[in-house]
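Asker: just the structure for this:
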Amino acid sequence: MKVGVMAGYWGAGPPRRIEQTLAEAEALGVDSFWTAESYGSDALTPLAWWGSQTSTIALGTSVCQMAARTPTALAMAAQTIDHLSGGRLILGIGASGPQVVEGWYGAPYPRPLERTREYVSIMRAVWARDEPVTFDGRHFQLPLHGGTGLGKPLRSIVHPLRADIPVYMGAEGPKNVALAAEIADGWTPLWFSPKTDEFYRAALADGFAREGARRSADDFEIANVCWLAEDDDVERAAARLKPVVALYAGGMGAKGANFHNDVFVRMGWGEACAEIQSFYLAGRADLAAQAVPTAMVEDVALVGPVDKICEDIVTRWKPTCLTTLILGGWPRREESRNRILEAIRA
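Answerer: Model prediction:
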């Protein structure tokens, strides 16, 4: 299993110590470094800025929201960073949800799987650079239908360093996971739990079995963000992550349309999720966090003393379908870092 480190998206401002964390990670041979975006900081600018201070670590987005950019715009940004980094980009993309897509980007959300398929096809046509890019889809047309009539098929001026930049898809539901297995090079889960491994293996197998599937289980990457909080007291460690879990399970999306909530419900946390969401939508984020059971955090994160964290990695996380464990938290103590990295890589 490979190991990554997550910077994520920003809160009120840039996260602290990222430069130091990234320098330590690259020195320790960590495989990848990841940024993200929601509706504040973008994923690409920090990746380029911080990535310029590195030379070997892979640079990934987990994820770029498709509604934020047209397919050709994201293809341009990707090939630019890939050139500047010497071929180290991993382009993670995701559909997000209707709350963000329609509320923040002012774009339509329906038929996200179909939209994703078109989006990826266009990006790959840009990078292949075989001919001027044309596309006639339900969601995207190049040249645009119904415009001035002056639109012209174009070919990228830039010759991509790699004509096949790896694309990972952020997905949570089984249909989207299957689509990732069919058309992408990797999958970035969110709130993966080892106890849902068989459920996701079945969804992946569905995608791999489709005609024209791009990859197989043998060469498909699965890079999961796993939050980490080290503390000698498990309850105290879990308490640091409960607000994050509550935000996603309770506050990301509307009632009845929260895909993260659905993930936790599938794990068996339906009753807790209902209470968390009720508090969050009532404006009581504090009570929502308090309603998150510690065991719910332990399902999706590494919490507690370093001995417990390492044991969980070896016995629970390594036997899963995951190929990369992206740490959503960087141990401050050198001894802990070394032991955790060793447990993941062993």
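
Asker: ok, Leu190 - how many residues close by?
Answerer: 18 (other C-beta atoms under 10 Å). Heads up, the C-betas are built off the backbone N, CA and C, glycines and all.

Asker: hang on, it packs against Val225?
Answerer: Yes. Using C-beta atoms under 8 Å, Leu190 makes contact with Val225 at a distance of 6.6 Å.

Asker: pull the contacting residues for Pro132.
Answerer: For Pro132, the contacting residues are Lys152, Pro153, Leu154, Arg155, by C-beta atoms under 8 Å, 6 or more residues apart in numbering.

Asker: pull the number of nearby residues for the closest residue to it other than its chain neighbours.
Answerer: Distance criterion C-beta to C-beta, 6 or more residues apart in numbering; nearest residue to Pro132, sequence neighbours excluded, is Pro153 at 3.6 Å. When neighbours are defined as other C-beta under 10 Å, Pro153 has 11 of them.

Asker: do Leu89 as well
Answerer: Leu89: 27 neighbours (other C-beta under 10 Å).

Asker: got phi/psi on it?
Answerer: Leu89 has phi and psi values of phi -80, psi 140 when expressed as degrees, to the nearest 10.

Asker: please apply the same query to Trp227.
Answerer: Backbone torsions of Trp227, given as degrees, to the nearest 10, read phi -60, psi 150.

Asker: make residue 1 into 763 and carry on from there
Answerer: Understood, numbering begins at 763; the last thing we discussed is Trp989.

Asker: you'd agree it is up against Glu1060?
Answerer: No. Assessed by C-beta under 8 Å, Trp989 is found out of contact with Glu1060, at 10.7 Å.

Asker: pick the one among the contacts of Pro894 closest to Ser1040.
Answerer: Leu916 (50.9 Å; C-beta to C-beta).

Asker: residue contacts, the residue nearest the centre of the chain?
Answerer: For the chain, the residue sitting closest to the mean C-alpha position, by C-alpha atoms, centre = their mean, is Ser824 at 3.2 Å. When contacts are counted by C-beta under 8 Å, 6+ apart, Ser824 touches Met768, Trp796, Thr797, Ala798, Ala805, Gly854, Tyr930, Gly932, Thr950, Ala985, Val987, Ile1088.

Asker: how far away is the first one from Gly899?
Answerer: Same thing as Met768. 33 Å (C-beta to C-beta, to the nearest Å).

Asker: who has more neighbours out of those two?
Answerer: Set Met768 next to Gly899 and count neighbours by other C-beta under 10 Å: Met768 wins out with 23 against 15.

Asker: let me see the contact set for that one.
Answerer: Here Met768 is in contact with Trp796, Ala798, Ser824, Val987, Ile1088, Leu1089, Gly1090 (C-beta under 8 Å, 6+ apart).
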